[in-house]
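# what shape does this take:
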Amino acid sequence: MKKTINILLPFFATLFLWRLSSNLINPNGILTLIPIFYYSMVKEQGGFIPMALIGCFLLDTSFDIMLFWTILFCIFYAIAGLQNIINISERNIRSLDMFIIFVGIGVIILGISSAISTKSFIPILTTIWMFIISAVAYAPTTYIFERIECWTKK
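Got it, this is the predicted structure:
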């Protein structure tokens, strides 16, 4: 039973955080990127990459954009896999700095393009809020994932 929980946790966490979308605490389901990043780049879970791509695609549909997060994830995953200078799985605080770079690049591109297309500064404020929410929620969420994994290994 515990092994099943350990295997299914990334899948359920991705779907749960995507469905938990709300304007205040999870705009457009941006927190979906936490289990996607954590279980595909920090603690690689076998068989999770197809779910990570599906999760990125679902996030793209929430943002009403075509394959932006999916392509950004593929690029970042390829860069992380091809380079050997920085080992993402050995970074401190569960690679919070790498997650901030990943999400930061994405929301900056989205915020600037939205601000230019709408000729308003409101998308920039939304971008800042999405970045803050995802950066603040990353450490406690991944800590919960680690505690569940420790519990299932006992």
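
# quick check: the spatially most central residue of the chain vs W18, distance?
The centroid of the chain falls nearest to L33 when counting by CA atoms, centre = their mean (1.4 Å). L33 sits at a distance of 10 Å from W18 (criterion: CB to CB, to the nearest Å). Glycine gets a C-beta too; all of them are placed from N, C-alpha and C.

# likewise for N92?
Noted for N92: a distance of 28 Å to W18, by CB to CB.

# who's more crowded, these two?
Using other CB atoms under 10 Å, the more surrounded residue of N92 and W18 is W18, with 23 against 7.

# list the buried residues for the helix or strand where L125 lies?
In the assignment (DSSP states H and E), L125 maps to helix 122-153. Using 16 or more other CB atoms under 10 Å as the test for burial, helix 122-153 gives P123, T126, T127, M130, F131, I133, S134, A137, Y138, T141, T142, F145.

# what do you get for stretch 52-66?
Those would be A52, L53, I54, G55, C56, L58, L59, D60, S62, F63, for stretch 52-66 by 16+ other CB under 10 Å.

# okay, now the nearest residue to the last one once chain neighbours are set aside: neighbour count?
Once its chain neighbours are removed from consideration, F63 has its nearest residue in N28; the separation is 5.0 Å (CB to CB, 6 or more residues apart in numbering). Counted with other CB under 10 Å, residues neighbouring N28 total 21.

# which residues touch stretch 122-133?
Outside stretch 122-133, the residues within contact range by CB atoms under 8 Å, 6 or more residues apart in numbering are 25-28, 30-31, 103-104, 107-108, 110-112, 114-115.

# need the max-distance pair from those residues.
Among the contacts of stretch 122-133, the pair separated by the greatest distance (CB to CB) is I25 and I112, at 23.9 Å.

# so what's the predicted local confidence for N84?
At N84, the pLDDT value in this model is 69.

# returning to that earlier point: and the helix holding L125, how far from the chain's centre?
Taking the mean of its C-alpha atoms, helix 122-153 sits 8 Å from the chain's own mean (CA atoms, centre = their mean, to the nearest Å).

# and what of stretch 93-109?
Per CA atoms, centre = their mean, the centroid offset for stretch 93-109 relative to its chain is 9 Å.

# restrict it to CA atoms and write it as PDB.
The C-alpha atoms that make up stretch 93-109 are tabulated as PDB, following Å, rounded to 0.1, in the frame of the first residue of the first chain:
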ATOM      1  CA  ILE A  93      16.500  23.400  -0.400                       C
ATOM      2  CA  ARG A  94      15.300  20.900  -3.000                       C
ATOM      3  CA  SER A  95      16.600  23.100  -5.900                       C
ATOM      4  CA  LEU A  96      14.500  26.100  -5.000                       C
ATOM      5  CA  ASP A  97      16.900  28.400  -7.000                       C
ATOM      6  CA  MET A  98      16.500  26.300 -10.200                       C
ATOM      7  CA  PHE A  99      12.700  26.300  -9.800                       C
ATOM      8  CA  ILE A 100      12.700  30.100  -9.400                       C
ATOM      9  CA  ILE A 101      14.700  30.400 -12.600                       C
ATOM     10  CA  PHE A 102      12.400  28.000 -14.400                       C
ATOM     11  CA  VAL A 103       9.200  29.700 -13.300                       C
ATOM     12  CA  GLY A 104      10.700  33.200 -13.400                       C
ATOM     13  CA  ILE A 105      11.600  32.900 -17.100                       C
ATOM     14  CA  GLY A 106       8.100  31.600 -17.900                       C
ATOM     15  CA  VAL A 107       6.100  34.300 -16.100                       C
ATOM     16  CA  ILE A 108       8.400  37.100 -17.200                       C
ATOM     17  CA  ILE A 109       7.800  36.200 -20.900                       C
END
